[in-house]
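# Pasting the sequence and the predicted model now:
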Amino acid sequence: MSFFEKPILNSPYTVPKRHWELDTGGHPTDKTIESRRRSDLISAMPQSKSRKESQQGALELSAEGLAGQSFEYNVTEFVNEIRREVQVWRALPNPAQWRVTPTTQRLLQHWRAIQADPTQRIRPFFCQLEAVETAIWLAEVAPKDKRRGGRYRARLLAANAEANPDLFRIAMKLATGAGKTTVMAMLIAWQTLNAVRSPNSKAFGTGFLIVTPGITIRDRLRVLLPNDADSYYRTRSLVPSDLLQEMQRAKIVLTNYHAFKLRERTQLAKGTREALTGHGDSVTTFETEGQMVQRVMPDLMGSGPITVINDEAHHCYRERQENADAGKLTGDARKEAEENREAARLWISGIEAAKRKLKVRTVYDLSATPFFLSGSGWVEGTLFPWVVSDFSLMDAIECGIVKLPRVPVADNVPGQPEPLYRNLWKAIGKKMPKKTRGARPDPDKLPLELKTAIDALYGHYEQTYKLWEAEKVGIPPVFIIVCNNTTNSELLRDYVAGWERENEDGLIETVKAKCELFSNFSSDDDRLPRPRTVLIDSATLEAGGDVDKTFRDAHAEEIEAFRREQAERGQGAEQLTDADILREVMNTVGRKGKLGEQVRCVVSVSMLTEGWDANNVTHILGLRAFGTQLICEQVIGRALRRLSYDLDDQPDPVTGEHLFRTEYADIMGIDGLNFSDGPRVSPPQPPRDVISVRAVSPERDHLEITFPRVQGYVADLPPDRLDADFSGLEPYVLTPEKVGAAEVTMQGIVGEGVLLTLDYLNAQRRSTIATHIAKHMIFEKLRDANERPKMHLFPAAKRLANQWLAEGHLVCKGGTMEAQLLYRQLADEVCDLILGALIDKPRGDSVLRAVLDPYTPTGSTMDVSFTTSKATRYPPRPDRSHVNWIITDSQWEAELAAVIEGNFRVLSYTKNHNLGFEVPYLKEGEPHMYRPDFLLRLDTPEPTTLVVEVKGFRDHDAMLKAETMRHKWVPGVNRLGRFGRWGFAELRDPFIFGPELDSAIDVLLGKVPA
């Protein structure tokens, strides 16, 4: 059965199923791996051969090195070895075990938090986070483990020494549509914020050179600039709001590799040059290497070692001198190989020049196809041996983060080994009209097979177009035709969109378009001012070209908007060239209000420019030879970007998860990949309304709510005693859901069954349990400034443990036992509860004091700024909220918002959504962050804030959060005295929200006893 003959069931935010099957031995999660020892976890994973043999094969190069035609090492094995190491590292529950810098820890926690947040409009995919985690692990974790981690770096150094002797490159393979730009942004944020926070570190820097294969991609990557209007750091929440200002320290140069070509500084006529040269050396009029570096990357001069990021990095390599395939290639293939060589030579030479002049720390290569190309001297299609992370096109399709491609699998042509339209060029290539001197080929003479193929695919496009129009999607679907040369592309453009020709009488007549929706002419044979079909030549797109005057005039408003946008970005916008307009058309296909909004058909030469990110492509017709899987993936990738990244409202019937809706791309004429899937209903989805949530400033600044950013808690203990007040504590409940099954029935095939219980734990004396809890408290929680346990407090700690047990604060259900508090995780939670109840004297105040973030101790509603398509939202009264929208997670929250607005004692309120208000707490001994629902600022002389949580179902974790708020966070913040008075309330019954809120406010204001 084909790999794709199974349904796509996986969530894009978790490990794809292929990763589970290959690497984790059937453990389908990246979150719930038990914290067992590294060696135990790795040994439990499937190995195709012995671990020693596998590692040796993956990490050691052959004696011939990379120059050999066969490899004794395996890049896939190497990637899987690293993946297993990163997986074990990722599963470590305690951030203190990660062995990364505090800044890296903060970023990892932030990325994982927004990845798990279903309210985040665009969340990082698992593959994006995996790629960045791999880079972080290699840079920060592996060097600290010389025995294990050192071997991976040695393997990469060996691979680079053979292929890139002057550079250290790390490649990450990410399928088209998997979000390489997001990965770049995360790498830049990781490097920049670490460099700013640790300016003396040699491992990080703020200088970045981003190299692309063309102007189109370079323009699209402007979202990597921190000051860009659409910066990913802000719009996709990749950097915490309090760190955004520090991102401005990044120095980023975006360039296409063509800029590395040495320019002629002095123009000399041929005769003048010969006269100056005489009989000596030739006159040098080209700029030097240093001058080129100064021209291309002036902002990076003097910034120390830089980091290079190559987009579409398969174009960058140092070719071998012994060109293995030079004698085998002919015609177009030989020409293509030579173009590949020249581009690669110029690209890598530019980076090597930057290394000599500026120093380069690391080169990160990102590509969907990091393979050696034809003309490289290496075996074509060989994966770069410095690849460390692999997320293939197959993985992307199975995960559902790209469209599902459909190809011909059967037809009614008898006697054919495969469907005709699977490899169309093979059947019609020699039948295509040829260009003759003085005459252009006639589009009407296209082969019959090709015309039929166009009709078949266009008929389905028409149905799709009408469905999108009925659903008011707002933009049309796009049909792409990929040709091998300019002659054929003009033929196809004219055939589908109509053309003009001179008749026998010398008059110009219009030939009707064969595809009405693609026609560039009206029913009266007048050329449309806004063409529906455009012809794109990749070389023209990057080097410039002519644009029809009628097109320019018809798009005057869009062009003016483009000029203003260029001016805001600091680029010259006085005179837009035709090439600028052409690139803008392509860059904005499918984007409302832009030049390319209503383009329906794109006819391209060779293939569309890499990095083209139109997401409304639904059909592709290939009309050229597709000899390698690399070319197939590149062309198919043009259609696979999803139109919508919103999760389906209905859960998947098999998994119960909310997954992406299925989207299709129908493809003809591209062989090399075999896709098939069961039938799925895929109605067109209208776009969701996207809103901007922000603080309304300065009009509502008087409603601003500020809050402390708490990192932890410290106890100012009396020198010789411990007292606690347990009267306000909730019961600590042990259930099978918390600790596992406490009653198990065992049954064999024959014989008598037996019921296993925990009754034998009743033999454990309470005094022993209290002693264990007290010991844990002294050795893990109560240490002095020199980290020594305060042994003199042991009697008091045991007294408190006995008191807590005797007062009945422990409730055991479902066969659980009191003796299970001997488990470390449970003892840690109990100790944390007891510490929260400590007071300075009988019936006194809490001894806990909150510890604030040293960099940003205060947060504010002023910092709220994000976009969302979440439909559950509530418009607050302008006189009650600093923020323009309340994003709700349930109907209960919307009802509470209305209740809050009706309470006269509430001055202002806000929902804690992308606000940055977090409460640290411990769960099973590991640190976690809790985000309460609402903050209410009360109308009182003294600043007073009530934190409100709306809770329906209440589990053990909810109890720990509430206890932390009541007995640690609130008293710890109030003890600081800098943020006014704070209180906390849990509202559990929507029918009495009003009275419960009034009661909570009364308690906070001291009108009734707490």
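That came in fine, so what should we check first?
# what's the neighbour count on Pro417?
5 (other Cβ atoms under 10 Å). For every residue, glycine as well, the C-beta is placed using N, CA and C.
# oh, I was asking about Asp853
Asp853 has 15 neighbours, counted by other Cβ under 10 Å.
# and if you look at Asn200?
Asn200 has 5 nearby residues by other Cβ under 10 Å.
# Could you do Pro795 as well?
Neighbours of Pro795 using other Cβ under 10 Å come to 12.
# Check which helices and strands the helix or strand where it lies is in contact with.
Using DSSP states H and E, Pro795 sits within helix 794-806. In terms of contacts (3 or more Cβ pairs under 8 Å, 6 or more residues apart in numbering; DSSP states H and E), helix 794-806 is packed against strand 723-724, helix 766-776, helix 824-836.
# Name the residues that touch the helix or strand following the shortest one?
Where DSSP H and E defines the elements, the next helix or strand beyond strand 723-724 is strand 732-734. Where contact means Cβ atoms under 8 Å, 6 or more residues apart in numbering, the residues beyond strand 732-734 that reach it are 809-813, 816-817, 820, 826, 829-830, 833, 956, 959.
# so when I look at Val947, I'm seeing a helix, right?
No: secondary structure of Val947 (DSSP: H, G, I helix; E, B strand; the rest coil): strand, not part of a helix.
# Is it bridged to anything, and to what?
Beta-bridge partners for Val947, by DSSP bridges, are Leu935, Phe984.
# before we move on, the earlier item: pLDDT on the helix holding Pro795, on average?
Averaged over helix 794-806, pLDDT sits at 91.
# when you compare where that helix runs with where helix 766-776 runs, what's the angle?
Taking axes from the mean of the first three to the mean of the last three Cα atoms, to 10 degrees, one finds helix 794-806 and helix 766-776 inclined to each other by 130 degrees.
# Just the buried residues of helix 794-806, please?
794, 796-802, 804-805 (16 or more other Cβ atoms under 10 Å).
# in its sheet, what does the following helix or strand past it sit against?
Following helix 794-806 in sequence order, the next helix or strand is strand 810-812 (DSSP H and E). Next to strand 810-812 in the sheet, as set by DSSP bridges, lie strand 732-734 (parallel).
# just checking, next helix/strand downstream of the strand it pairs with?
Assignment by DSSP H and E places the next element after strand 732-734 at helix 736-739.
# Can you show me the CA trace of that following helix as PDB?
Output of helix 736-739 as PDB, limited to C-alpha atoms (Å, rounded to 0.1, in the frame of the first residue of the first chain):
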ATOM      1  CA  PRO A 736      -6.500   7.200  40.400                       C
ATOM      2  CA  GLU A 737      -6.600   9.900  37.800                       C
ATOM      3  CA  LYS A 738      -3.800  11.600  39.700                       C
ATOM      4  CA  VAL A 739      -1.600   8.600  40.700                       C
END
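# for the record, mean pLDDT for that helix?
Per-residue pLDDT over helix 736-739 has a mean of 85.
# same question, stretch 522-532
pLDDT averaged over stretch 522-532 gives 85.
# in that stretch, what counts as buried?
Buried, per 16+ other Cβ under 10 Å, within stretch 522-532: 528, 531-532.
# possible to save those residues as a markdown table with distance to Gln463?
Formatted as a markdown table, the buried residues of stretch 522-532 follow (distance: Cβ to Cβ, whole Å):
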| residue | distance to Gln463 |
| --- | --- |
| Leu528 | 23 |
| Pro531 | 23 |
| Arg532 | 17 |
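# what's the closest of these to Lys466?
Lys466 lies nearest to Arg532 out of the buried residues of stretch 522-532, by Cβ to Cβ, at 15.4 Å.
# Nearest residue to the closest one in space, please, no chain neighbours.
Of all residues not flanking Arg532 in the chain, Arg600 sits nearest, at 4.6 Å (Cβ to Cβ, 6 or more residues apart in numbering).
# check contacts around that neighbour.
For Arg600, the contacting residues are 465, 476-479, 517-518, 532-533, by Cβ under 8 Å, 6+ apart.
# out of these, who has the most neighbours?
With neighbours defined as other Cβ under 10 Å, the most crowded of the contacts of Arg600 is Phe479; it has 30 neighbours.
# On the three-state scheme, Val388 is what?
Applying three-state DSSP: Val388 is strand.
# so which strand or helix has Glu319?
If you go by DSSP H and E, Glu319 is not part of any helix or strand.
# That one against Trp347, yeah?
No: the criterion here is Cβ atoms under 8 Å, and Glu319 misses it with Trp347 at 11.2 Å.
# Comparing those two, which shows the higher neighbour count?
Counted by other Cβ under 10 Å, Glu319 and Trp347 do not tie: Trp347 has more neighbours, with 23 against 20.
# What score does the more buried one have for pLDDT?
91.
# swap in Glu380?
At Glu380, the pLDDT recorded in the model is 75.
# Point to the residue nearest the middle of the chain.
Pro124 (3.1 Å; Cα atoms, centre = their mean).
# I'd like to know how many residues surround Pro226.
Here the number of neighbours of Pro226 (other Cβ under 10 Å) works out to 21.
# show me what contacts it?
Going by Cβ under 8 Å, 6+ apart, Pro226 touches 233, 244, 247-248, 250, 252.
# Tell me which two in those residues are the farthest apart.
Leu244 and Ile252 (15.0 Å).
# what about those two, which has more around it?
Ile252 (24 against 18).
# who are the neighbours in contact with that one?
Contacts of Ile252 (Cβ under 8 Å, 6+ apart): 188, 208, 210, 224-226, 299.
# Where does it sit: helix, strand or coil?
With three-state DSSP as the basis, Ile252 sits in strand.
# List the contacts of stretch 969-976.
With Cβ under 8 Å, 6+ apart, stretch 969-976 has contacts from 708, 710, 713, 845-846, 848-850, 852, 919, 947, 979, 981-984.
# at 10 Å instead, please
With contact meaning Cβ atoms under 10 Å, 6 or more residues apart in numbering, stretch 969-976 is reached by 707-708, 710, 712-716, 836, 838-839, 845-852, 857, 919-921, 930, 932, 945-947, 961, 963-965, 979-984, 1004.
# out of the contacts of Ile252, which are buried?
188, 208, 210, 224-226.
# Grab the two from those residues that are most spread out in space.
Ile210 and Pro226 (13.1 Å).
# need the helix or strand of this structure with the lowest average pLDDT.
Within the chain, confidence by mean pLDDT, DSSP states H and E is lowest for helix 38-43 among all helices and strands, at a mean of 30.
# Now the buried members of the contacts of strand 732-734.
809-810, 812, 816-817, 820, 826, 829-830, 833, 956, 959.
# Dump these to TSV, plus pLDDT.
As requested, the buried ones among the contacts of strand 732-734 are exported to TSV (pLDDT from 0 to 100):
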residue	pLDDT
His809	91
Leu810	93
Cys812	92
Thr816	90
Met817	90
Gln820	91
Leu826	90
Glu829	90
Val830	92
Leu833	90
His956	88
Met959	91
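# Closest one to Asn616 out of these, please.
For the buried ones among the contacts of strand 732-734, with Asn616 as the reference and Cβ to Cβ as the criterion, the closest is His956, at 46.8 Å.
# What about the contacts of Arg600, which are in strands?
478-479, 533 (DSSP state E).
# quick one: which of those residues is nearest to Val387?
Using Cβ to Cβ, the ones in strands among the contacts of Arg600 come closest to Val387 at Val478, 31.7 Å.
# re earlier: sort out which of the contacts of stretch 969-976 are buried, if you could.
Neighbour-count burial (16+ other Cβ under 10 Å) applied to the contacts of stretch 969-976 gives 707-708, 710, 713, 715, 836, 838-839, 846-848, 850-852, 857, 919-921, 930, 932, 945-947, 961, 963-965, 979, 981-984, 1004.
# tell me which element Met586 is part of?
helix 578-587.
# hey, C-alpha coordinates of that helix in CSV?
Output of helix 578-587 as CSV, limited to C-alpha atoms (Å, rounded to 0.1, in the frame of the first residue of the first chain):
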residue,chain,number,x,y,z
ASP,A,578,8.8,47.7,-14.8
ALA,A,579,10.7,44.9,-13.0
ASP,A,580,9.5,46.3,-9.6
ILE,A,581,5.9,46.1,-10.8
LEU,A,582,6.3,42.6,-12.3
ARG,A,583,7.8,41.3,-9.0
GLU,A,584,5.0,43.0,-7.0
VAL,A,585,2.4,41.3,-9.2
MET,A,586,3.9,37.9,-8.5
ASN,A,587,4.5,38.6,-4.8
